[in-house]
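**Student:** attaching a predicted model along with its sequence, questions to come.
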2 protein chains.
Amino acid sequence: MLLNRKELIVKTNFSQYPIQIGNGLRHEIGSKVAHYQNVLIVTDKNVAPLYLDEVKKSFSSQQSVASFILPAGEASKSMEWYSKLLDACIAENLDRKSLIIALGGGVVGDLAGFVAATYMRGIDYVQMPTTLLAHDSSVGGKVAINHPEGKNMIGSFHHPVLVLYDIDMMATLPHQEVRSGYAEIIKEACLDDQELFMKILSIKPGELIENQGFPQHLYKGMAIKASIVEIDEKEYGVRKYLNFGHTLGHAIETELGYGKITHGEAVAVGMLFAMWVSERIYGCSLPIQELKTWMKHQGYPIDDWNELENQALISRMKKDKKALDGMIHMVLLKEIGSPSVQAIDEKALLKHLQDFRSEYLTFES
Amino acid sequence: MLLNRKELIVKTNFSQYPIQIGNGLRHEIGSKVAHYQNVLIVTDKNVAPLYLDEVKKSFSSQQSVASFILPAGEASKSMEWYSKLLDACIAENLDRKSLIIALGGGVVGDLAGFVAATYMRGIDYVQMPTTLLAHDSSVGGKVAINHPEGKNMIGSFHHPVLVLYDIDMMATLPHQEVRSGYAEIIKEACLDDQELFMKILSIKPGELIENQGFPQHLYKGMAIKASIVEIDEKEYGVRKYLNFGHTLGHAIETELGYGKITHGEAVAVGMLFAMWVSERIYGCSLPIQELKTWMKHQGYPIDDWNELENQALISRMKKDKKALDGMIHMVLLKEIGSPSVQAIDEKALLKHLQDFRSEYLTFES
């Protein structure tokens, strides 16, 4: 079963940590963190019945291992669950040398990571992503909870000590979650790797994680993410590129209501829009049509946002925490592999959105 | 009125920030942060009627300046007020380039600082201490809220961009708050400056902030704090020394119930105990008797903890977040100016506490 094992090292300002990707790694976590006496595994109701026991069995009897099971879904990234999880840390007597393990998707990773960032002013944690989408959020130390007024409004930068990615766990994912995660790999390819972008566009319908190249695509996507994070840990500059596709993507996600469309599927539409705006602003030519066609064949629900009002979407974009001084900052592409940030005012962006939608609905696919 | 103006620079790993100490500085804050368009001043019900208007008047009409007034007292360092203050940041449309000003004592500084640390993953803030005690907490970037099970259990490291200390504001402080703050200056002297320690012991009864040396004592105390923080930003080593007197101090404070004794007054007793343990462990000779006599003459309530049970105090010490693997880590002195950390087990510490109290109650003062 041990087909592929890859390791990346992320170098941060004060430390470095490995990202290990491979088959069956969930059975090895205990031995990899054997020096922690007190461990709290945070997971959710979807993941716990599938993998929690296997993960627990990997620990020795000398380690104290407790678990905390969250409700599944974005609603757990709340002040309420943040507070409850902190209570659990105290109830389990975690001290400054204890470890939190985030076993789950982005919601579990972001919440457990924010708790690790702030419990006793910061303790160690491990990211064990169980979704494809979380390949992105598990690297780079951005942790947060949501506020009713916006996603990730409350959070920190706090790097994990290890990212352990058992790709066997991807096999239990629903198709839409696989599509969601692959969209973020496409985003990473758009920022830095034309060859990867073309390889992904050659994946046949319905074969996203079945295609032979999958582990390599995942590895390359994470390597791109890691390299950007290393250069710009606190998002003063190039890290903003990682928001490619997220300006409209976040707005669609929030306007539809969380759970109606997956994050990556909303970002997929957002990338088409960002490419479309890029062509208008830079006069470049991008493979928008090819990407849209491929997405449609792969089952991306790229028309699910048709009912949303343009003005409502623009208002959401203005509330984004990347908005500054009333301007919306959008990541665009000069070509695949060459991103740039543009400040665009509200009126101009509304016009682009109107034009995109009238053209988008008619351009063939 | 501009008698004394001093500036210290604190150099952190990524940045540096000034500490400005002097008379009348509250009238100048607006011009010092003129480049922030959107400012939220956080203060409390005691401070607001005294100084909020003066601080607000220092801003230009081009700056948007809002304020948020907390209830006075330790109870505001809670998850509830953390959440409410974050709501206010959103309601006031603070973005990543906005500024929070903490105008108040340690409670305001710790809470507003933790909000600044986590709102949008960190925005700028200024510390404007209005108490003498806050000279300590306003430097070094430790921010936190309390949990029902322990002080400062939830927090971050997040440095201010400026500490602005208008010592005129000390004039409105009650005597016990002055004693509380001077105790932390004594602590700083114990860690690094025998001369400062002796000078403080020569202050006549009732003349703590009236004595001519006060601004200089404050400046030197803050300089000691700043130099320790610079060496060890995240408390891996020497920063632990700043907990001198806090092992028993925190325990007394928590056992008596917050508000029954000030923080510094509890730390004063804790320093006597730490010196007493130091003599037993290192066989050194420390000016315990002189310090106790001086404290008594200055009105420190050093006997207010007589009713507390030894075992209850030890249990509190074990819950301290500095406790590790069941050992209590205590800062001791080999001599004034020469601190050291010792891990002491529960039983040994209980014996020391019993012996100290039986001797403490009888040694003359």
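**Tutor:** Done, it's in.

**Student:** going forward, measure contacts between C-alpha atoms and count neighbours the same way
**Tutor:** Noted.

**Student:** so the residue of the stretch 1-150 of chain A found nearest chain B, which of the three states?
**Tutor:** For the stretch 1-150 of chain A, the residue positioned closest to chain B under CA to the nearest CA is residue A:121, at a distance of 4.4 Å. In terms of secondary structure, residue A:121 is coil; the call rests on DSSP: H, G, I helix; E, B strand; the rest coil.

**Student:** isn't it right next to residue B:151, touching?
**Tutor:** No. No contact is recorded between residue A:121 and residue B:151 when judged using CA atoms under 8 Å, the distance being 11.8 Å.

**Student:** ok so, going back, tell me the contacts of the residue of the stretch 1-150 of chain A closest to chain B?
**Tutor:** B:144, B:153, B:154, B:155, B:156, B:157 (CA atoms under 8 Å, 6 or more residues apart in numbering or on different chains).

**Student:** which of these lies closest to residue B:270?
**Tutor:** Minimum distance to residue B:270 across those is 20.4 Å, recorded for residue B:153 (CA to CA).

**Student:** which one is that closest one nearest to, not counting chain neighbours?
**Tutor:** With CA to CA, 6 or more residues apart in numbering or on different chains as the criterion, residue B:153 has its nearest non-adjacent residue at 4.8 Å, and that residue is residue A:120.

**Student:** mind listing the helices for chain A?
**Tutor:** Counting by DSSP state H, chain A has helices at residues A:29-32, A:53-57, A:79-91, A:106-118, A:134-137, A:175-192, A:194-201, A:214-231, A:246-256, A:263-282, A:288-297, A:310-319, A:346-360.

**Student:** thinking again about what came up before, for the contacts of residue A:121, work out which two are farthest apart.
**Tutor:** Among the contacts of residue A:121, B:153 and B:157 lie farthest apart (CA to CA), at 12.6 Å.

**Student:** got the residues of chain A near chain B?
**Tutor:** Taking CA under 8 Å from any CA of the partner chain as the contact definition, chain A meets chain B at A:79, A:83, A:90, A:95-97, A:117-122, A:144, A:149, A:152-157, A:321-324.

**Student:** adding mean pLDDT and distance to residue B:203, write the helices of chain A out as a markdown table.
**Tutor:** Putting those into a markdown table (pLDDT from 0 to 100; distance: least, CA to CA, whole Å) gives the following:
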| stretch | mean pLDDT | distance to residue B:203 |
| --- | --- | --- |
| helix A:29-32 | 97 | 58 |
| helix A:53-57 | 98 | 61 |
| helix A:79-91 | 97 | 43 |
| helix A:106-118 | 98 | 41 |
| helix A:134-137 | 95 | 57 |
| helix A:175-192 | 97 | 65 |
| helix A:194-201 | 97 | 73 |
| helix A:214-231 | 95 | 53 |
| helix A:246-256 | 93 | 62 |
| helix A:263-282 | 97 | 65 |
| helix A:288-297 | 96 | 77 |
| helix A:310-319 | 92 | 56 |
| helix A:346-360 | 93 | 63 |
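
**Student:** of all these, which one is nearest residue B:106?
**Tutor:** helix A:106-118 (18.5 Å).

**Student:** who touches that closest one?
**Tutor:** Residues lying outside helix A:106-118 but in contact with it, judged by CA under 8 Å, 6+ apart, are A:42-44, A:70, A:73-74, A:76-77, A:82, A:85-86, A:100-103, A:122-125, A:127-129, A:131, A:133-134, A:137-138, A:141-145, A:155-158, A:160, B:154-156.

**Student:** of those residues, grab the buried ones for ChimeraX.
**Tutor:** Selecting just the buried residues from the contacts of helix A:106-118 in ChimeraX takes one command, with 16 or more other CA atoms under 10 Å in any protein chain shown as the test:
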select /A:42,43,44,70,73,76,77,82,85,86,100,101,102,103,122,123,124,125,127,128,129,131,133,134,137,138,141,142,143,144,145,155,156,157,158,160 /B:154,155,156
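
**Student:** circling back: TSV please, covering the helices of chain A and showing distance to residue B:273.
**Tutor:** Converted to TSV, those look like this (distance: least, CA to CA, whole Å):
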stretch	distance to residue B:273
helix A:29-32	42
helix A:53-57	44
helix A:79-91	28
helix A:106-118	31
helix A:134-137	48
helix A:175-192	58
helix A:194-201	66
helix A:214-231	47
helix A:246-256	57
helix A:263-282	57
helix A:288-297	70
helix A:310-319	54
helix A:346-360	64
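
**Student:** measure residue A:229 to residue A:10 for me?
**Tutor:** Distance, residue A:229 to residue A:10, by CA to CA, to the nearest Å: 8 Å.

**Student:** okay then, goodbye and thanks.
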